[in-house]
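K.L.:
quick one: sequence and predicted model below, then my questions.
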Amino acid sequence: MVDHREHNSGDAGLHGVADHADTTPWSVRVVADPGPPTAAVDRIRDRLDERLRDSAGIDSLKVDTETLALNPDGGLLVPERLRDPGDEASVVVVITEFPRMDGRRGMIAEVDHNRSTVVVSLPALGIVTHRLLPVIVAAVRRVRSPHARSAVHGARWFPADRDDLEYLASGKLLSRTRMVAGMVRGNHPWRLIPTLTGLMAAAAATASFGVFYSSIWAMANALSPWRLAGLSLLSMVVMTVWLIVNNRLWERKGMLPPARARLYNAATATTVLLNAAVLYVGLFVTTVCAALAVIDSGFLAQELSLQSAAFHNYLYLAWLATSMGTVAGAVGSSADSYSDILAATYGYRERGRRRREEDREQEIEASRESAGR
């Protein structure tokens, strides 16, 4: 495991670590977590091979996919088994979907010069992963020649708690913002929406009342745009809180280290709120179209005591109806798949991975005991 403590910033001067730049053939093996890390590496594989040859003097590149293990504190374990028995890779680069933190600073890449291992945290790159290629190249160059300049735009190298360890990171605020954004992307918020069928059904059914009941038309047109906007925000917050509480998505104290729990909760809340906003907009557009199709403009004007009904009158009634439907839809989410919603959180995936690793270790131990009898 690569484990760090926070130090003052600065370009790391690695004492006692020899400069590896020589004429010996160098090879790189990239081991990526399944899912987004593997997909990100596949997209840049050809360019990465070319850049490593040109910039770092690497002779060959190998890419593998393997589920990486986590320890009880959520730290990433980089076991020796990542190196195949016949593998003579000079550098092993690990790409993980889990965040790596040093205090309040999100670590983009960690370099262990003693083991010639690099760990890259995909969430630390933010919403887009275009920086993955320069980060890998810079880290590999750092392994090959510790004192060489291998900068990445917007990030610096920081020393760790041992002379042979260092990590690449941005400023604390920027790195945490990017980390949360990258974790939201890793949660695949667009995949959560199709699982909320109960929520959407309840929201649509309630919003339909706004189309057919004239009392809601009058109430909507009596409200100011600012008050309608406040009701919109309130309804999305209610949906977010309900989904988190009802599905037990919030990481409680003791389940994870406090800093990691706060990071996971921020990503979960942002992911769910984003889904609530997308569902709200979709329901609003649908309700506006339904109101225009069902309600005659003359009848709407008569009910609202207006000379003529304008388009904004339809918008207002759809606006209020959508807010009502969103709140009702949150209650309807109780009928949705708990496991599907829970799978969209880092804490759940981390604990599941740790359980699988513990089961694997128990199986290995049991097989050893059987062989020793």
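P.N.:
Perfect, I can see it now. These figures come from a predicted structure and were not determined experimentally. Numbers count the residues shown, from 1 in each chain.
K.L.:
run through the chain and note the low-pLDDT ranges.
P.N.:
Within the chain, the ranges that satisfy pLDDT under 70 run 1-24, 70-87, 148, 150, 254, 332-341, 343-344, 352-369, 371-373.
K.L.:
just the strands from the protein, written as ranges.
P.N.:
27-32, 60-65, 69-70, 76-77, 91-96, 101-102, 105-112, 117-121, 156-159, 165-169 (DSSP state E).
K.L.:
and the ones you listed as TSV, adding mean neighbour count and distance to Arg53?
P.N.:
All C-beta atoms are positioned from the backbone trio N, CA, C, and that covers glycine. As requested, those are exported to TSV (neighbours: other C-beta atoms under 10 Å; distance: least, C-beta to C-beta, whole Å):
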stretch	mean neighbour count	distance to Arg53
strand 27-32	22	10
strand 60-65	16	8
strand 69-70	20	31
strand 76-77	16	28
strand 91-96	24	13
strand 101-102	21	31
strand 105-112	26	20
strand 117-121	25	17
strand 156-159	20	23
strand 165-169	25	21
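K.L.:
among these, which is nearest Thr345?
P.N.:
Closest to Thr345 of the strands of the chain is strand 69-70 (C-beta to C-beta; 14.8 Å).
K.L.:
follow-up on the earlier one: got JSON lines for the strands of the chain, with distance to Leu234 too?
P.N.:
Formatted as JSON lines, these follow (distance: least, C-beta to C-beta, whole Å):
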{"stretch": "strand 27-32", "distance to Leu234": "42"}
{"stretch": "strand 60-65", "distance to Leu234": "44"}
{"stretch": "strand 69-70", "distance to Leu234": "38"}
{"stretch": "strand 76-77", "distance to Leu234": "40"}
{"stretch": "strand 91-96", "distance to Leu234": "38"}
{"stretch": "strand 101-102", "distance to Leu234": "33"}
{"stretch": "strand 105-112", "distance to Leu234": "32"}
{"stretch": "strand 117-121", "distance to Leu234": "35"}
{"stretch": "strand 156-159", "distance to Leu234": "42"}
{"stretch": "strand 165-169", "distance to Leu234": "38"}
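K.L.:
farthest from the middle of the protein: give me that residue.
P.N.:
In the chain, counting by C-alpha atoms, centre = their mean, Gln307 sits farthest out from the average C-alpha position, at 51.9 Å.
K.L.:
contacts only, for it.
P.N.:
Residues in contact with Gln307, defined by C-beta atoms under 8 Å, 6 or more residues apart in numbering, are Ala301.
K.L.:
distance check, the residue nearest the centre of the chain against Pro189.
P.N.:
Nearest residue to the geometric centre of the chain (C-alpha atoms, centre = their mean): Met183, 1.7 Å. Separation of Met183 from Pro189 (C-beta to C-beta, to the nearest Å) stands at 11 Å.
K.L.:
now swap in Ser308 and tell me
P.N.:
Shown here: Ser308 relative to Pro189, a distance of 42 Å by C-beta to C-beta.
K.L.:
who wins for proximity to Arg227 among the strands of the chain?
P.N.:
Comparing the strands of the chain against Arg227 with C-beta to C-beta, the closest turns out to be strand 105-112 (39.3 Å).
K.L.:
just the C-alpha atoms of the closest one, please, in PDB.
P.N.:
The C-alpha coordinates for strand 105-112 follow below in PDB (Å, rounded to 0.1, in the frame of the first residue of the first chain):
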ATOM      1  CA  ARG A 105      -5.400  17.400  -0.700                       C
ATOM      2  CA  GLY A 106      -6.500  15.000  -3.500                       C
ATOM      3  CA  MET A 107      -3.600  13.000  -4.900                       C
ATOM      4  CA  ILE A 108      -3.600  12.700  -8.700                       C
ATOM      5  CA  ALA A 109      -0.600  10.300  -8.800                       C
ATOM      6  CA  GLU A 110       1.600   8.600  -6.300                       C
ATOM      7  CA  VAL A 111       5.100   7.400  -7.100                       C
ATOM      8  CA  ASP A 112       6.900   4.700  -5.100                       C
END
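K.L.:
what is it packed up against?
P.N.:
Packing partners of strand 105-112 (3 or more C-beta pairs under 8 Å, 6 or more residues apart in numbering; DSSP states H and E): strand 117-121, helix 132-144, strand 165-169, helix 172-186.
K.L.:
picking up where we left off before, neighbour-wise, which of Ser308 and Pro189 wins?
P.N.:
Just comparing Ser308 and Pro189: by other C-beta atoms under 10 Å the higher neighbour count belongs to Pro189, 18 against 9.
K.L.:
so how many other residues sit close to Val281?
P.N.:
Neighbour count for Val281, taken as other C-beta under 10 Å: 12.
K.L.:
residue contacts, it?
P.N.:
No contacts exist for Val281 under C-beta under 8 Å, 6+ apart.
K.L.:
show me where the stretch 151-300 of the chain has helices.
P.N.:
Listed in chain order, the helices found in the stretch 151-300 of the chain under DSSP state H, counting those that start in this stretch are 172-186, 189-192, 197-212, 214-222, 225-246, 258-294, 297-303.
K.L.:
how about these in CSV, adding distance to Val331?
P.N.:
As requested, the helices of the stretch 151-300 of the chain are arranged in CSV below (distance: least, C-beta to C-beta, whole Å):
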stretch, distance to Val331
helix 172-186, 25
helix 189-192, 18
helix 197-212, 6
helix 214-222, 19
helix 225-246, 7
helix 258-294, 14
helix 297-303, 29
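K.L.:
of all these, which one is nearest Ala330?
P.N.:
Of all the helices of the stretch 151-300 of the chain, helix 225-246 sits nearest to Ala330, with 3.8 Å by C-beta to C-beta.
K.L.:
and the closest one, what does it pack against?
P.N.:
If you count contacts as 3+ C-beta pairs under 8 Å, 6+ apart, helix 225-246 packs onto helix 258-294, helix 311-332.
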